[in-house]
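> based on what follows, work out the 3D shape:
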Amino acid sequence: MRKMIQTAVLTGLVLVLVTNQSFTCTSFAFIHKGYPIFGTNYDNNFAPGLIYVNKKGVQKSGWEQGTTGETAVWTSEYGSVTFTCVGYQLAWAGMNEAGLVLSTMALGETQSPAPDKRPPLASPLWMQYALDTCGTIEEVFDIDKQVRIQDTVDHYLVCDRTGNCAAIEFLDGKMVVHTQDTMPVNALANAPYSSCAEYWKRKGPLPKSSYDSRHRVGRAGRMMASFAGKSNKDAVDFAFKILSDVSPSNRETTRWSIVFDTGNNKIYYRSYANQKIRRIDLNRFDFSCGTPVKMLPVHNGFSGDVTDKFKDYSHERSLAFLVNAVKYHRPDFPEEQIAPLLQKIESFPCVKK
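Take a look at the predicted model:
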C-alpha cells in the first residue's frame, strides 16, 4: 500500500511540471568558438524554483517496475547543476560537468511509450538520469534501450560539448529524434519539431510579436544565424536577447531564463523576481558524493557570481518546496504522504567517493 501511495504522489509530481503550462517555453542553441551556447525560458504560472548541485558516485533508482519486474538502478557518473520547479532529483533543465545540457518544453502531441520490459522513469527523473549517465547526445539516445520514459507530456532539446544537438520527442509511443541532417535549426518550442522546422525554412518576414511556437522557433533561428560577436560575453548577452524576443509580452510569466555556456562550464540566469544576471561556475564545485549536496533558490536577490552562495542541502527547505508544489497543483494529496517520498530520494547512497 505504501508503495502505491508513493507511486501516486510521484505521478502527481510529474503533472506539476505541466499543469497550468503557458505553452510559451523556448530553447535554442548556437555555436560559439566550437561549443554550444544554450538558452531556455521557463514560462509558467507556477513561479517557485530551486537550483541543486547533484553529486556523482550516487546510486539511484526509479520507483516503478517494467513488465518483468525490473526497476531502474544506476550510479551517477557525472555531477550536474539542475533547475527544478518540483523538487530534489526532479530536473526541469540542467548541465553536467561533461557539458551535456538539456531542457524540456510541453508538447500536447506527446504520447508516452506503452509498458514493456524496460523499467520506467517519469519525465523529470528521466532527465536526471540523462545528466547522471550521459556525456554525448548519442548516449542520451541509448537511454531508450535501457529505460522507458513515462508520464511525460514534453519534448526535449539536448546538446553536448562537441556541438551536436538533438530534439527528442515521444510521438505515437516511440522516441523520435531530429539531429544533424534532420535538424536544420537548433531550436524548440511547444509544437512538434518537424512542423517548426518546415516553417523556419520559409522565406520572407516573420511576425515580430506572435508567440506561436513556429514563429518563436523561426525568430530564434534567424537571430542565431545573425550572431557576429567574438567574446563569450557577446555570446551570452546575445542569447539573453533571443530569450527576451521569444518571451511572452507579459514577461512575468517567464519565471526564469537560463544560458548554458557548455565550453566553459558556466551557467548564467535571471528570473522574473530579479532581472540581474547571475553566474554559476561548475568548475568550482566538488561533485564527489562524500561532500554535501548544495542548493540555492532561483529567485534570490544576488547578482554576479553566485557559486559561493549555495548552501548545504536542507531536508526542511526541500520538503517545504515539494509540499508547496504539490499543494498548488494537486491539493488532493495528503501532505503526510509526501515526506516519505522525499526521504526515499534522500536515501540514495554514495557508492563511489
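> in three-state terms, label residue 185 for me.
Per DSSP: H, G, I helix; E, B strand; the rest coil, the secondary structure class of residue 185 is coil.
> tally of neighbours for it?
24 (other CB atoms under 10 Å). Every residue, glycine included, has its C-beta placed from N, CA and C.
> what backbone torsions are found at it?
phi -140, psi 130 (degrees, to the nearest 10).
> what separates it from residue 225, distance-wise?
9 Å (CB to CB, to the nearest Å).
> pretty sure residue 206 sits against residue 219.
Yes: in this structure residue 206 lies within contact range of residue 219 using CB atoms under 8 Å: 5.5 Å.
> neighbour-wise, which of these two wins?
residue 219 (21 against 17).
> which helix or strand contains that one?
helix 213-225 (DSSP states H and E).
> okay, buried residues for that helix please.
By neighbour count on 16 or more other CB atoms under 10 Å, the buried set for helix 213-225 is 213, 214, 215, 216, 217, 218, 219, 220, 221, 223, 224.
> what's near enough to touch the fourth one?
Contacts for residue 216 were tallied using CB atoms under 8 Å, 6 or more residues apart in numbering; they are 24, 26, 187, 189, 210, 246.
> show me just the buried residues among those residues.
The neighbour count (16+ other CB under 10 Å) marks 24, 26, 187, 189, 246 as buried among those.
> neighbours around residue 292, how many?
14.
> cool, residue 92 as well?
Residue 92: 25 surrounding residues under other CB under 10 Å.
> same check, this time on the one 10 residues further on
Burial of residue 102 is recorded as 29 neighbouring residues (other CB under 10 Å).
> mind telling me what element it is part of?
Element membership for residue 102 (DSSP H and E) is strand 101-106.
> can you name every helix or strand that the next helix or strand after that strand contacts?
Proceeding N to C from strand 101-106, the next assigned helix or strand is strand 120-122, under DSSP H and E. For strand 120-122, the packing partners by 3 or more CB pairs under 8 Å, 6 or more residues apart in numbering; DSSP states H and E come out as helix 2-16, strand 59-65, strand 148-150.
> give the rounded mean pLDDT of the longest one.
Right, the one you point to is helix 2-16. Averaged over helix 2-16, pLDDT sits at 51.
> next: the second one.
Summarised as a single mean, pLDDT over strand 59-65 is 92.
> buried sites along it?
Applying 16+ other CB under 10 Å to strand 59-65 flags 60, 62, 63, 64 as buried.
> wait, isn't residue 335 in contact with residue 327?
Yes: contact criterion CB under 8 Å: residue 335 and residue 327 qualify, at 7.4 Å.
> now compare the buried residues of strand 59-65 and name the two farthest from each other.
Using CB to CB, the buried residues of strand 59-65 reach their maximum pairwise distance at 60 and 64, which is 13.9 Å.
> which one of the buried residues of helix 213-225 is nearest to residue 344?
Taking these together and measuring to residue 344 by CB to CB, the closest member is residue 213, at 36.5 Å.
> now for that closest one: which residues touch it?
By CB under 8 Å, 6+ apart, the neighbours of residue 213 are 23, 189, 190, 191, 196.
> repeat the analysis, applying 10 Å as the threshold.
By CB atoms under 10 Å, 6 or more residues apart in numbering, the contact set of residue 213 is 23-26, 105, 107, 187-193, 195-196, 199, 246.
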